[in-house]
Each structure stands twice: as structure tokens, then as C-alpha cells.
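Peer 1: I need the structure of the sequence given here:
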Amino acid sequence: MRRAVQEGTLERVRRSWLLVPDVDARRRAAASVGGRVTCVSAAALAGWWDVGPTNVHVALPRTASRFDRAGVEVHCAQGPVPVHPRAAVDPVLDVLFQVARCRPPVEARAIWESAIRHGAVELDTLARVRWRCHAADRLARTVRGRSDSGPETVFVERMRAIGIDVRQQVWVDGHPLDGVIGERLAVQIDGFRHHSAAGDRRRDLAADARLALRGYTVLRFDYHQVMVDDTHVEDTVLAALAQGLHRANRRATGR
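Peer 2: Residues are numbered from 1 along each chain as shown. Below you'll find the predicted structure:
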């Protein structure tokens, strides 16, 4: 190992930590302070919902000292799962625990839903864990694993915050709708990379047309609208409800 360090095949960042040259930057940052990747950084590393640029979130014991905090967000709270002292990344349940304590409720829910969707954890497991944290307890009781993406979770939570119930993954015309409000207001949320090909766009237009012929009004929002321009999304949904577009028995006015 000493020879590998001398030759540059391995990099020594601490006495007990050796890294290969192409190691992920988040793992490198955690190892450099003797900790584990956790919270939103571990969620992004696992391919769950990524909240975007942030300091590297690192789990460290409360007794940790003599390390450079620059660029890292330290988590000292102990999660529900015991961890080996040489682990490089927190276990799934500890990651979710730290997310619940650290992030705003809507964002935390998006990450928990994503973990379920990716098969990292089961709903019945979440319900049986002793979380040691009210925020995690609340999420364990209320997540359903029905969102296909983070923006879907964000949309549903924002609607529910203003008293609008959204049913998720409702099958119509042989396909699941991201959300249905009332009986006839369908909502589709396009992800960040959606419509990268013309064929995808044509497929969605055809699906929207079939839904319209079945009496549905389709509201389609993209990633930017849900995550950034949420006022537009909320105003559009409220205007649709004011027009009764969510009702199956609405009648056309005029001639």
C-alpha cells in the first residue's frame, strides 16, 4: 500500500483511508474528515432525488475533532441503524433519518418517495423503524411510494397544502396518470430530461388527445414550472377548478 501511494495508484487522505484516483468527490470529502456520506449527498450518490448543488453532507460522531469543515455539512445525530466505523456511506435508513431532520418537509418527502421507487426500502419497513425523530416518524406514516419523480411529490404536496386532493397513479386509457384532481382533471409532470426525442413528444400528444376524447382536461407541467415557477402551476390548477374542469358532469355554456 505504501508503494501504491508513492506511485500514485492510491491516495492517502487520512491514516486509515486510501482512495483510488477516480473516487467520487463526495466519498473523497467524507473520507478526508473521517466520516461517511449521508443525507442528500448519499441520496444523490444512490441515484435518488437530487436536490442540486450543496455542501457534502457527512456523518461524524459528536466526539470528532481536528478536521476542516470547509465544503462539508456535518451530521452528528445517530440514526436508527448501527454503522461500522469504517463505512464510507451511511445505510439507507440512516440516510433517510438525516434527510428528515435536515431538509424542508416537501424536499424530504421527495427523497423518501424516490428511495421507495428505486427499491431501496419497503413501506412496511419504514413503518416499523424506531426513528428517534418526529420528522422521520411523520414521513414514515404518510409516504406512499406513488410518485414517479421528485417533481411529482413536490406538486402533490403543494396542492395538498392549499387543500386540493390529488390522486396519484390513476390508470386511464391503459396508462397511469401522474395525478387526477376530482373526476376529470388530469395532471402530467414531465421530468427534467423529458422530451429528449421527438417520438416522446408525439406519444404524449397522442395520449393527451385520447384523454380529451374521454372527457378529461389535461394539464401538463415541466420540471422548471413545478420546481421554480410554482405560482404559475398553482394559479393554473385553481383556474381549472374554478371552471369546474374537474367535474365529470360539467356542461358547456354558450351555443
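Peer 1: Report the helix or strand with the lowest average pLDDT across this structure.
Peer 2: Ranking every helix and strand in the chain by mean pLDDT, DSSP states H and E puts strand 11-14 at the bottom, with a mean of 74.
Peer 1: Adjacent strands (with direction) for the helix or strand following it?
Peer 2: Following strand 11-14 in sequence order, the next helix or strand is strand 17-19 (DSSP states H and E). Strand 17-19 pairs in its sheet with strand 11-14 (antiparallel), by DSSP bridges.
Peer 1: Just the buried positions in the partner strand, please.
Peer 2: Neighbour counts over strand 11-14 (16 or more other CB atoms under 10 Å) mark residue 13 as buried. C-betas here are computed from N, CA, C, even on glycine.
Peer 1: Go ahead and confirm residue 40 touches residue 99.
Peer 2: Yes. Between residue 40 and residue 99 there is a contact at 6.4 Å, judged by CB atoms under 8 Å.
Peer 1: Compare these two (neighbour count), which wins?
Peer 2: Neighbours were counted for residue 40 and for residue 99 using other CB atoms under 10 Å; residue 99 has more, 29 against 26.
Peer 1: list the helices and strands whichever strand or helix holds the more buried one packs on?
Peer 2: Following DSSP H and E, one finds residue 99 within helix 92-102. For helix 92-102, the packing partners by 3 or more CB pairs under 8 Å, 6 or more residues apart in numbering; DSSP states H and E come out as helix 39-45, strand 56-59, strand 72-75, helix 105-117, helix 134-142.
Peer 1: what residue ranges in the stretch 51-200 of the chain are flagged as low confidence?
Peer 2: Filtered on pLDDT under 70, the stretch 51-200 of the chain yields the residue ranges 65, 192-197.
Peer 1: ok, now how distant is residue 41 from residue 88?
Peer 2: From residue 41 over to residue 88 the distance is 12 Å, taken as CB to CB, to the nearest Å.
Peer 1: who touches both of these two?
Peer 2: Counting by CB atoms under 8 Å, 6 or more residues apart in numbering, the common neighbours of residue 41 and residue 88 are residue 30.
Peer 1: So for those two, which sits in the more crowded spot?
Peer 2: Higher neighbour count among residue 41 and residue 88: residue 41, with 31 against 18, using other CB under 10 Å.
Peer 1: starting at the chain centroid, how far to stretch 93-104?
Peer 2: Mean C-alpha position of stretch 93-104 versus that of the full chain (CA atoms, centre = their mean, to the nearest Å) differs by 12 Å.
Peer 1: now what about that stretch, what contacts it?
Peer 2: Taking CB under 8 Å, 6+ apart as the rule, stretch 93-104 contacts 38-40, 42-43, 46, 51, 57, 59, 73, 75, 77, 79-81, 83, 90, 108, 111-112, 115, 121, 125-126, 129, 131-133, 135-136, 138-139.
Peer 1: Using neighbour counts, pick out the buried residues of that stretch.
Peer 2: Across stretch 93-104, burial judged by 16+ other CB under 10 Å covers 93-103.
Peer 1: How about stretch 43-56?
Peer 2: Buried residues in stretch 43-56 (16+ other CB under 10 Å): 43-46, 48-51, 56.
Peer 1: and what of stretch 68-81?
Peer 2: Across stretch 68-81, burial judged by 16+ other CB under 10 Å covers 72-75, 79.
Peer 1: How far does it sit from its chain's centre?
Peer 2: 20 Å.
Peer 1: Can I get that stretch as CSV, trimmed to CA atoms?
Peer 2: Included here for stretch 68-81 are C-alpha records, laid out as CSV according to Å, rounded to 0.1, in the frame of the first residue of the first chain:
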residue,chain,number,x,y,z
ASP,A,68,-11.6,21.0,8.1
ARG,A,69,-15.3,21.8,7.9
ALA,A,70,-14.9,23.7,4.6
GLY,A,71,-17.3,22.3,2.0
VAL,A,72,-19.0,19.8,4.3
GLU,A,73,-22.2,19.8,6.3
VAL,A,74,-21.7,17.7,9.4
HIS,A,75,-24.4,15.5,10.9
CYS,A,76,-23.8,14.2,14.4
ALA,A,77,-27.2,12.7,15.3
GLN,A,78,-27.2,8.9,15.5
GLY,A,79,-29.6,7.2,13.1
PRO,A,80,-31.6,4.1,13.8
VAL,A,81,-29.1,1.7,12.3
